[in-house]
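From the sequence below, what's the structure:
(one chain, ligands or ions: 2)
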Amino acid sequence: MRLEEQAAVQIVAAGRRLDALGWVPATAGNFSVRLDARRLAVTVSGRHKGFLTTDDVMVVDLDGVAEDPAKRSSAETLLHCGIYRRFPEAGAVLHGHSIANTVLSRVAGGSVTLAGYELLKVFPGLPTHEASVDLPVVPNDQDIARMQRGLDALWDGMGAIPPGYLIQGHGSYVWAPDMPMALARMEGLEFMLRCVLEERSLR
Ligand SMILES: CSCCC(=O)C(=O)COP(=O)(O)O
Ligand SMILES: [Zn+2]
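Ligands and ions are numbered 1, 2, ... in the order given. The predicted model follows:
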């Protein structure tokens, strides 16, 4: 199977998985896989991510320019490109809109601290639960290029950058070296966000 076809199959399967978990309601969410040093496979804009076919995946370059100009890539393509440009180890990117990530992103301020959870081990460099990750929360913006510039400025000022972030009132982005690992990170992250939400509701 060609690299593009393999990536499309992985993206279709990821959509089914995240839809089953309720994290891509309506036409929310978008996914991508890096193909090589300058290209990625990404979802077509506006499709329901639980019902994707391989035709709903297209190829763009790291500037977001489509190989097939007849297709329109995700409205958030430049956020995927921003991750692949910045993090050479990133091989797959997932974006979802869960209730937990949306609610927490609205009440959290500039970051959500995840501390003491066994599932922190899904993130790189955290071999124990005795760790803490400050997940950045950035303002939502319909100007995606401007949002990416804000992220780049934020990352410039950070030491260790966690492989994910939240967008206020919008959703989460997570990346990893490949799609299975990106799915694991998203599931781990969403589990911890749900825990944070439930713990807050007990206070
Ligand atoms: C109805 S969801 C609004 C757009 C969005 O946030 C999203 O994740 C999906 O956009 P896309 O263009 O990738 O389908
Ligand atoms: Zn979105």
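
Is the longest helix anywhere in the chain positioned near ligand 1?
In the chain, with assignment by DSSP state H, the single longest helix is helix 179-202. No: using C-beta under 6 Å from any ligand atom, we find that helix 179-202 stays clear of ligand 1, coming within 13.7 Å at best. Backbone N, C-alpha and C define where each C-beta goes, glycine included.

does the spatially most central residue of the chain count as helix, strand or coil?
Central residue check for the chain by C-alpha atoms, centre = their mean: the C-alpha nearest the mean position is that of Y173, 2.5 Å away. Y173 falls in the strand class when you classify it by DSSP: H, G, I helix; E, B strand; the rest coil.

Could you list everything it pairs with in the sheet?
For Y173, the beta-bridge assignment (DSSP bridges) gives partners H95, Y165.

any idea how far it is from ligand 1?
For Y173, the distance to ligand 1 equals 10 Å [C-beta to the nearest ligand atom, to the nearest Å].

give the contact list for that residue.
79, 83, 93-95, 164-167 (C-beta atoms under 8 Å, 6 or more residues apart in numbering).

same thing but at 7 Å, please
79, 93, 95, 164-165 (C-beta atoms under 7 Å, 6 or more residues apart in numbering).

Ok, E89 next?
Going by C-beta under 7 Å, 6+ apart, E89 touches P177.

how deep is the spatially closest residue to R86 that is not a sequence neighbour tucked in, by neighbour count?
Distances taken as C-beta to C-beta, 6 or more residues apart in numbering put W155 closest to R86, at 6.4 Å, once the chain neighbours are dropped. For W155, the neighbour count with other C-beta atoms under 10 Å is 15.

So which elements touch the host helix or strand of W155?
Assignment of secondary structure by DSSP states H and E places W155 within helix 144-156. Packing partners of helix 144-156 (3 or more C-beta pairs under 7 Å, 6 or more residues apart in numbering; DSSP states H and E): helix 77-86, strand 132-138.

Any buried residues in that helix, and which?
Using 16 or more other C-beta atoms under 10 Å as the test for burial, helix 144-156 gives 144, 147-148, 151.

One more: stretch 41-57?
41-45, 47, 49-50, 52, 56-57.

now, which of those sits nearest R2?
If you rank the buried residues of stretch 41-57 by distance to R2 using C-beta to C-beta, A41 comes first, at 10.6 Å.

my guess is the closest one meets I11, correct?
Yes: contact criterion C-beta atoms under 7 Å: A41 and I11 qualify, at 6.5 Å.
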